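Peer 1: Below is the sequence, then the predicted model.
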Amino acid sequence: MGKKKKKRRHITEEAVGEVTQTSKTQEPASPPPSNQGILKPNRSLTIMILAFLVILTAVVFSPVRKNLVTNWDDQFYVTENNQIRSLSSDNIKQMFFSDKDKTLQSYVPLTILSYAIEYRIFGMDPKAFHTTSLLLHILNVLLVFWLALLFLKNRIGAGITAVLFAIHPLHVESVAWLSERKDVLFTLFYLGSLISYLLYITKDKSFKYYILALVLFVLALLSKSQAVTLPVLFILFDYLFGKEVSGKSILVKWPFFLFAIAAGLYQLKDSGGAAYTTLDIYNYVDRVLFSFYGMTVYLYKLIIPYKLSAFYPYPSKEEAYPIIFYLSPVIIIGIGVAVWRFLKNSRITLFAFLFLLVHVVLLLQFLNFNSSIVYDRFTYVAYLGFFLLAGHMYVRLNGKEGYIKHKLANIFNVGLITLVALFSIVSYTRSQVWENSETLWSDVISNFPEADIAFLNRGLYYLEDDQNGKAMADMNEAINLNEQNEKAFNNRGRLHSRANDFESAINDYGRAIEIRSNYADPYYNRGELLGKQGKMEEAIRDFLKAIELKPNYYLAFNNLGIVYNIQEKFEEAISNYSQSIAINPNYGTAFLNRSYVYASLEQYQNAYQDALKAGSLGTVVDQNYLNEMRRLSGN
């Protein structure tokens, strides 16, 4: 009796995570077919791919090394952040164990420590800070290559995954924005933890990889709380690799979930402190629409990165929303149903969509409002599932025989090369947008001329650059667009004060306070103006109110000291100068002002030491005064 001849199949081999045509259940994942470097030692090809990844990434993002700091949170994380000025054990302890910084509204001690290390080595050099962020991005690209190689078992497919991660235009924000060091740093540990976990599940459950994954996960959490999604991602990779997903397999991950829950709760503890005064007009139905809209934007910008911006404003409540907001729920639900109906047996395709969902669902508007309706940086890790899908498609198409497959492979390869070229050009151009606050906010204005925050922040850049005419025009436009923009009123008040239009300045400060009574800056600015007008008691009230609202307001303590000195209340003056110095030990003006009070009290040794300290911090000290204090102190 002869053997029964097997029926010839049209698809001769199955790629990673695909189901055979005759199977009704998903099979465990297996290495994809390819003639190009499947687990074969090929050191030269690996080196060529890695070198290409490093060079391409460095060239595409080369403009960031010339960029300066911006006024989009960089002042809070870097330029005005006293925590980065010292690497003393006490300061490092404060980074990790003190209560969260109320200004940052985030717990990112490892990120702050990275800034502090750079500051110790390079000082306040933007080029050094940006170069570090770029180097971290390059390291992440190499880790993505390693991760993809573990899954695809194909070097070129892994290289394609890494290239797309390296140069996608929506990743520019994470690399070029100094404050988003959080993204590139947490991703470094996040990917390292994920790779360690994959080695754990594929290397006979070697416990050392499990421990390494846990340690790297904790480091990722200390860099940015967004890393809380990693335990869920482990479950997705179990599914992708054909491992059993059960209560037992999830229980093995309990330490990861424990750390994730703890980090999430700690982050949420003070998350309500940020005030977006114009967003309380939106109801829960709006939140749902905005969330579906966000998912729609993230999906289409994966392929068409058009109209990119550092800020995406909410639609106006005063008129009907654009039609896309109402269509977005239909689009997303439709895509979800289609993926489940037609592609649910393709592990990698379903994985890619779930990967994106896991990484953005907590960042959508269902739970709380962000200041921007979507953010480019939220895709830095979230798109990785689709990049793996692209690498998988390359392996599958180029590993098949037959005319149809060959033709499809050619179309796919040409399209991929075109996409990489276009993405590289767009990313190079976007990197230049982050050169400074003027270029950044001018770009936002070109995309969204209705965004009052863009005029506010560009105006603030002009104000600090003494371009008062341009600053006034931008503040006026910000107020015209949003009459509840308290920061625009406050900064316009500063401009009026510069022009000696004190009445208009007082009115604008008052309007800012009327809009938001817990806003410390207009109290401080009004107090400063009242002090110049000789209205000392009113000035004291405003400074005290500013300090009540912002306890670490070292400038207010300094000015309060000035008022008390004028009133010859020397002990109160010294106390307030000392408090200013305690908050900001690098504020030379407070040292010099305290020196003058000590001189008035004939405490010449203290006066001399404070004057020396002020000079060492860069504050201009009159040489005649310094010489006189030296003489009187006997030094």
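Peer 2: Noted; the coordinates are in hand.

Peer 1: Residue ranges in the stretch 101-250 of the chain under the pLDDT threshold?
Peer 2: Within the stretch 101-250 of the chain, the ranges that satisfy pLDDT under 70 run 101-105.

Peer 1: again, only this time at 50
Peer 2: Low-confidence segments of the stretch 101-250 of the chain (pLDDT under 50): 101.

Peer 1: OK, contacts around the residue nearest to Ala556 when sequence neighbours are not counted?
Peer 2: Spatially, and ignoring its direct neighbours in sequence, Ala556 is nearest to Ala546 (4.4 Å; CB to CB, 6 or more residues apart in numbering). Glycine gets a C-beta too; all of them are placed from N, C-alpha and C. The contact partners of Ala546, by CB atoms under 8 Å, 6 or more residues apart in numbering, come to 520-521, 523-524, 527, 553, 556.

Peer 1: Just say helix, strand or coil for the most centrally placed residue in the chain.
Peer 2: In the chain, the centroid-proximal residue (CA atoms, centre = their mean) is Glu180; its distance is 3.2 Å. The local conformation at Glu180, judged by DSSP: H, G, I helix; E, B strand; the rest coil, is helix.

Peer 1: Please name the nearest non-neighbouring residue to it.
Peer 2: Nearest to Glu180 is Ser174, by CB to CB, 6+ apart, at 4.9 Å.

Peer 1: what comes into contact with stretch 563-576?
Peer 2: Stretch 563-576 has contacts (CB under 8 Å, 6+ apart) with 531, 536, 539-540, 543, 557-558, 560-562, 593-594, 596-598, 600-601.

Peer 1: what's the average pLDDT for the strand or helix carrying Ser424?
Peer 2: Element membership for Ser424, per DSSP states H and E: helix 403-433. Averaged across helix 403-433, the pLDDT comes to 90.

Peer 1: So what's the gap between that helix and the chain middle?
Peer 2: Offset of helix 403-433 from its chain centre (CA atoms, centre = their mean, to the nearest Å): 27 Å.

Peer 1: and it, what other elements does it pack with?
Peer 2: Packing partners of helix 403-433 (3 or more CB pairs under 8 Å, 6 or more residues apart in numbering; DSSP states H and E): helix 43-60, helix 155-167, helix 172-176, helix 384-398, helix 437-447.

Peer 1: Next one: the residue nearest to Ala556 from Leu626, what distance?
Peer 2: 32 Å (CB to CB, to the nearest Å).

Peer 1: Next: Ser371.
Peer 2: 46 Å.

Peer 1: hmm, back to that, any buried residues in the helix holding Ser424, and which?
Peer 2: Buried residues in helix 403-433, counting neighbours by 16 or more other CB atoms under 10 Å, are found at 408-409, 412, 416, 419-420, 423-424, 426-428, 430-433.

Peer 1: for stretch 498-511, same thing?
Peer 2: Neighbour counts over stretch 498-511 (16+ other CB under 10 Å) mark 505-506, 508-509, 511 as buried.

Peer 1: re earlier: just the ones of the contacts of Ala546 in helices?
Peer 2: In helices, judged by DSSP state H, the following of the contacts of Ala546 are found: 520-521, 523-524, 527, 556.

Peer 1: With mean neighbour count and distance to Phe207 added, can I get the helices and strands packed on helix 403-433 in JSON lines?
Peer 2: Below are the helices and strands packed on helix 403-433 laid out as JSON lines (neighbours: other CB atoms under 10 Å; distance: least, CB to CB, whole Å):
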{"stretch": "helix 43-60", "mean neighbour count": "15", "distance to Phe207": "28"}
{"stretch": "helix 155-167", "mean neighbour count": "26", "distance to Phe207": "27"}
{"stretch": "helix 172-176", "mean neighbour count": "27", "distance to Phe207": "33"}
{"stretch": "helix 384-398", "mean neighbour count": "24", "distance to Phe207": "27"}
{"stretch": "helix 437-447", "mean neighbour count": "19", "distance to Phe207": "47"}
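
Peer 1: out of those helices, which comes closest to Leu233?
Peer 2: The closest of the helices and strands packed on helix 403-433 to Leu233 is helix 384-398. By CB to CB, the value is 9.4 Å.

Peer 1: one step back: make a markdown table out of the helices and strands packed on helix 403-433 and add distance to Arg494.
Peer 2: Shown next, in a markdown table, are these (distance: least, CB to CB, whole Å):
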| stretch | distance to Arg494 |
| --- | --- |
| helix 43-60 | 39 |
| helix 155-167 | 41 |
| helix 172-176 | 29 |
| helix 384-398 | 44 |
| helix 437-447 | 16 |
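
Peer 1: which stretch among these comes nearest Phe241?
Peer 2: Checking these against Phe241 by CB to CB gives helix 384-398 as the closest, at 12.1 Å.

Peer 1: average pLDDT for the closest one?
Peer 2: 93.

Peer 1: Put the alpha carbons of that helix into PDB.
Peer 2: The C-alpha trace of helix 384-398 is given here as PDB (Å, rounded to 0.1, in the frame of the first residue of the first chain):
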ATOM      1  CA  LEU A 384       7.500  49.600  18.100                       C
ATOM      2  CA  GLY A 385       4.900  46.900  17.500                       C
ATOM      3  CA  PHE A 386       4.200  48.200  14.000                       C
ATOM      4  CA  PHE A 387       7.900  48.500  13.300                       C
ATOM      5  CA  LEU A 388       8.300  44.800  14.200                       C
ATOM      6  CA  LEU A 389       5.400  44.100  11.900                       C
ATOM      7  CA  ALA A 390       7.200  45.900   9.000                       C
ATOM      8  CA  GLY A 391      10.300  43.800   9.700                       C
ATOM      9  CA  HIS A 392       8.200  40.700   9.800                       C
ATOM     10  CA  MET A 393       6.600  41.600   6.500                       C
ATOM     11  CA  TYR A 394      10.000  42.000   4.800                       C
ATOM     12  CA  VAL A 395      11.100  38.600   6.000                       C
ATOM     13  CA  ARG A 396       7.900  36.900   4.900                       C
ATOM     14  CA  LEU A 397       7.800  38.500   1.500                       C
ATOM     15  CA  ASN A 398      11.400  38.200   0.700                       C
END
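
Peer 1: quick check, distance from that helix to the centre of its chain.
Peer 2: The chain centre lies 27 Å from the centre of helix 384-398; the measure is CA atoms, centre = their mean.

Peer 1: which strands and helices sit next to that helix?
Peer 2: helix 126-152, helix 155-167, helix 347-360, helix 403-433.

Peer 1: how about whichever helix or strand comes after the third one as PDB, C-alpha atoms only?
Peer 2: So that's helix 347-360. Next in sequence after helix 347-360, counting helices and strands by DSSP H and E, comes helix 379-382. The C-alpha trace of helix 379-382 is given here as PDB (Å, rounded to 0.1, in the frame of the first residue of the first chain):
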ATOM      1  CA  THR A 379       4.600  57.200  20.200                       C
ATOM      2  CA  TYR A 380       8.300  56.800  21.000                       C
ATOM      3  CA  VAL A 381       7.800  53.300  22.300                       C
ATOM      4  CA  ALA A 382       4.200  52.800  21.200                       C
END
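
Peer 1: For the residue nearest to Ala556, which three-state class applies?
Peer 2: What three-state DSSP gives for Ala546 is helix.

Peer 1: Same check on Leu68?
Peer 2: Leu68 - assigned by three-state DSSP - is coil.

Peer 1: Which residues are in contact with it?
Peer 2: Going by CB under 8 Å, 6+ apart, Leu68 touches 126, 435-436.

Peer 1: wait, which of those is closest to Arg396?
Peer 2: Distance to Arg396 across those (CB to CB) is lowest for Glu435, with 41.7 Å.
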